[in-house]
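>>> With the input below, show me the fold.
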Amino acid sequence: MNEINIKSFIDYLSYIEKNYNRNHIFRGLNNLNYSLIPKLGREPYVSKCKTDSIVDELQDMEEQIMRDFIKMSIPHMDLRNLSSWDQWTIGQHHGLPTRFLDWTENPLIAAYFATENSNNNDVAVYVVDKTQFNSNTDEDLDVFSLSDEDEVVLYSPSYIHPRIIAQKGLFTVHKNPTVPLDKIKINNEFCAVDKLIISKDILSSFVNDLDWLGINRSFIYPGLDGLAYHLDNKAKGGM
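Model (predicted):
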């Protein structure tokens with residue numbers, strides 16, 4: 001993994017402009033020790049597996065959770081007639097453990113997620129070239145019917161949720177959710193990942209600059225909850 005130390009907000013913008021293009025996607029993490037692993041492949045889900053067939057057990061768990069989610073969500077949103085990909089997208093956005101890993105096409109949004117709730121730690125924005133992956137273009141297939149050759153596929157969801165629109169969201173979908181993306185081979189080579197490290201020393205000014213450009217919680221989480229949180233945080237002296 002290629003690591004780059006970012007010295008300022010302007011340095012971040014400059015590095016992105018010089019080194020990346022619209023083929024690149026971004027993921028912000030507020031802890032340098034976090035791996036590029038979907039939620040389903042992390043603890044405590046993996047620790048619940050009782051056999052050596054961890055991937056199979058995780059799939060069984062994921063499918064059961066999704067069946068329950070579809071059944072129990074009807075009073076709030078009826079998902080029964082949506083494609084399985086749309087069902088998984090909505091479940092992912094509401095916090096279900098899935099094999100989907102969130103990315104964004106917007107590097108400023110990734111920077112927001114990196115700096116949100118950072119607890120004054122160094123944070124990182126990860127960058128990959130999305131052309132490394134095949135894309136799922138057949139929504140008639142379910143999430144578990146991908147080609148045997150595809151360890152990871154790229155999925156660009158329909159605009160079925162306000163957060164997807166605001167966050168310019170898309171996903172990598174992982175056949176084995178326990179393996180970090182940078183440890184997965186794509187076309188016989190490890191997936192190329194850049195890690196832009198934002199020092200805790202510049203976080204305050206970095207967040208202020210993001211807010212100046214309109215990238216704050218009220219933008220990232222559309223609706224009154226996001227707006228109220230943002231205004232309350234500003235009233236307390238934060239951003």
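
>>> Run through the neighbouring helices and strands of the helix ranked longest in the chain.
Taking DSSP state H as the criterion, the chain has its longest helix at helix 54-72. Under the contact criterion of 3 or more Cβ pairs under 8 Å, 6 or more residues apart in numbering; DSSP states H and E, helix 54-72 touches helix 84-93. For the C-beta atoms, the positions are set from N, CA and C on the backbone; glycine is no exception.

>>> for the helix it packs on, what is the average pLDDT?
Mean pLDDT, helix 84-93: 91.

>>> again with stretch 125-138
pLDDT averaged over stretch 125-138 gives 88.

>>> ok, back up a step: what sits up against the longest helix of the chain?
40-41, 45-46, 48-51, 79-80, 87-88, 91, 96-99, 144, 175-178 (Cβ atoms under 8 Å, 6 or more residues apart in numbering).

>>> and with 10 Å instead?
With contacts defined as Cβ atoms under 10 Å, 6 or more residues apart in numbering, helix 54-72 is touched by 38-41, 45-46, 48-51, 53, 77-80, 82, 84, 87-88, 90-91, 94, 96-100, 142-144, 174-179.

>>> so of these, which ones are in helices?
Among the contacts of helix 54-72, the members falling in helices (DSSP H) are 84, 87-88, 90-91.

>>> Can you say which of those are buried?
84, 87-88, 90-91 (16 or more other Cβ atoms under 10 Å).

>>> Regarding stretch 215-228, how distant is the last residue from the first?
Stretch 215-228 stretches 15 Å from its first residue to its last (Cα to Cα, to the nearest Å).
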